[in-house]
Every structure is written in structure tokens, then in C-alpha cells.
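Asker: predicted model and sequence below, questions to follow.
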Amino acid sequence: MHLGWKDVLTSSWRKSTAYFSVGLEFGQHGVMLSLLGLKEGQPYWLDQHKMDSHDWVAALTLWVENHRAANTPCHLVFSTNRYQLLQVDRPPVPELEIVPALSWSVRELLATQDEMQVDYFDMPAQPTGTNKINVVAVPKSLVEDVVQGIAKAGLQLATIGIEELSQCDLLEPHQDAQITLLQEPGEAISLNIIKDSKLYFTRRLRGYEQLSSYGLEQIHQGVADSLSLEIQRSMDYFDSQLRQAPVRKLLLCIDTPFMAELAQLLQEATLLDTQIIEPNLAHADGLSFSSGSLTSLGAAMRQQRGTGE
């Protein structure tokens, strides 16, 4: 699952490159980059690099030059603070007219005068009697600036996506539904239910932005209980309203030094098989999976999943 936005994507002829893909996560305070190569025919995580948002184009250009990564396919993902995600009724128009119709209605819903870049993705399942779609809206000026910056740096922009859909590319396809809790440093927690690499349900859990500063006692005394309640509510909706088989596994990667302890508490409270997210991806020495790296990695993995899904 990914967004279209073909009108803003790079369309020039792609030259050869020594690398498999670059994943870029464009956040509020910085840009995170993950570089993949191929090793024995499989994606291999080679490098990670963080850039400040105020001079990211110059930093990315220098990185591309130093790594001789020009013309590498690039997959861009906006972090949650960069866009609005809305669920609206599907407009009663032909498919080719949906995006233009949404462009007007979204501006009214958001009460903004800013021109928005709008796209949508369908829901694999929804309650009986409803016909809704998920709509993504990003300020058009931001999209244009980022697209131009990536082109200036010498990368070939292949897809644009959002954090929730990036998780679908990060995880191995699985027939059983999995619930994920992923938190970028200092941001809200993104709760998603994913099945067969498709996003069935998503919520943003606010109030946890300072979780990294909480001590273990606070994790025990309130955080685990409140998160388990949110998880249970989401699973109840997935089971009863979407009429899906129950979730069996919980995967998490949250911005806390006590992730192992939190995982154990959530497993005890929810009775789900609970694991810390560890993508099936070999990597170079010195690299490790963290809440700050997974979104850009998911973006880079889109190259393996295919850009036309």
C-alpha cells in the first residue's frame, strides 16, 4: 500500500547505481536516511544518517557525493507531524475524479487556505453500510520543496508515503493480523493493525511524547495500563466492527529505555504474543534497530515490496 502522487515524482531515465535503495523519513526536526545495498541477492542495511531539517538539502547532497549514491532509487516517507490523515466518505464520482473532489473538501475540513497535496488509499475492510477512504493531506509547498531537494541531491524519487504505510513495507507479509506500536522520538505513538501487508486500522495515541524521560516506576504505574486499554479497544473494533479474526501478536518499538520491561507488562495485560520489532534485515556492524530508524528503513524496503502495489 502506498500513495500515488505521480505528478510530483521523478520521471527521468534512471541510470545505474551501486545501491539498492535509499529511504528518507522527513520529520519535523530532521531527516533520517537509511541506505540499502544487496548482499547475496537480499537487501542489506549499509548506512544510516541523520540531517538537520534547516540544511538538509546541502547535507543530503554532500552525503550522496561522498557515498557515490547518485541515481539511487529514493523512497520518501513523511512522519506523522507533517501531514493530516482523515477518514471520509468516498466521493460519488469516477475513480479518476476522486482526488480533485477531495482537494476541495479536505481544505474545508481542515479549515485552511493553504493549497494541499492530497491522495487517498482504500480500506481493506470497513463496518457494514459504510464506504470510506483514508485521505492524506500535506501542504503542497512542503511536498514541492522536498521533491526538488531530493532531485537536487541527485537521487531518483520513486515513491512518496506516510509513516503508517511505511510499517506495511517494514514487516514481513503475514496472514494473521498484527498490532504495532511505533513511536518516533518525541512524537505520538502510532497504533496500527496490519494484515497481509495492508493497513486495516490506525490511531495516533497522544500524551506519550515525553515517554523517553519516564522512569521505570512510571511505566509500571500508568503507562502500561493506559496502553493496554488502547490496544484492547482497537482490537475490539477490529474484531466486531471490521469482522476480522482476532489479533494474535503485538509488535512494538517505542521511545523508552525500558522497552523490554514495557513489552513484558503489555504481554501480561493483553495476553498477546508481544515482541520488540526486529525487521528481517541483515545489516552492517554498528547499526541497530531503534524507534528513530524504523520509518526510514520501511521506506527503503518499499523498493523490495515493489512500487506498484
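Answerer: Arrived safely, thanks for sending. Residues are numbered from 1 along each chain as shown.
Asker: which stretches of the stretch 201-309 of the chain form helices?
Answerer: 216-218, 224-240, 259-270, 294-305 (DSSP state H, counting those that start in this stretch).
Asker: list the contacts of the helix or strand of the chain with the lowest mean pLDDT.
Answerer: Here the helix or strand of the chain ranked lowest by mean pLDDT, DSSP states H and E is helix 98-110, holding a mean of 89. Residues outside helix 98-110 that contact it (CB atoms under 8 Å, 6 or more residues apart in numbering): 4, 84, 86, 88, 90-91, 93, 113-114, 116, 118-120, 133, 135, 137. Just so you know, the C-beta spots here come from the backbone N, C-alpha and C atoms, and that holds for glycine as well.
Asker: the strands in the protein, which residues?
Answerer: 21-26, 30-39, 42-52, 73-78, 84-89, 116-122, 132-139, 156-162, 178-183, 189-195, 198-205, 249-253, 273-276, 282-283 (DSSP state E).
Asker: kindly reformat the ones you listed as TSV containing mean pLDDT, distance to residue 264 and mean neighbour count.
Answerer: Listed next are the strands of the chain as TSV, based on pLDDT from 0 to 100; distance: least, CB to CB, whole Å; neighbours: other CB atoms under 10 Å:
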stretch	mean pLDDT	distance to residue 264	mean neighbour count
strand 21-26	97	29	28
strand 30-39	96	28	21
strand 42-52	97	27	18
strand 73-78	97	30	27
strand 84-89	93	31	14
strand 116-122	94	34	20
strand 132-139	95	33	20
strand 156-162	96	30	24
strand 178-183	96	14	24
strand 189-195	96	18	23
strand 198-205	95	19	19
strand 249-253	97	11	21
strand 273-276	97	8	15
strand 282-283	96	26	16
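Asker: which among those is found nearest to residue 297?
Answerer: strand 30-39 (4.7 Å; CB to CB).
Asker: doesn't residue 248 make contact with residue 272?
Answerer: Yes: between residue 272 and residue 248 there is a contact at 6.7 Å, judged by CB atoms under 8 Å.
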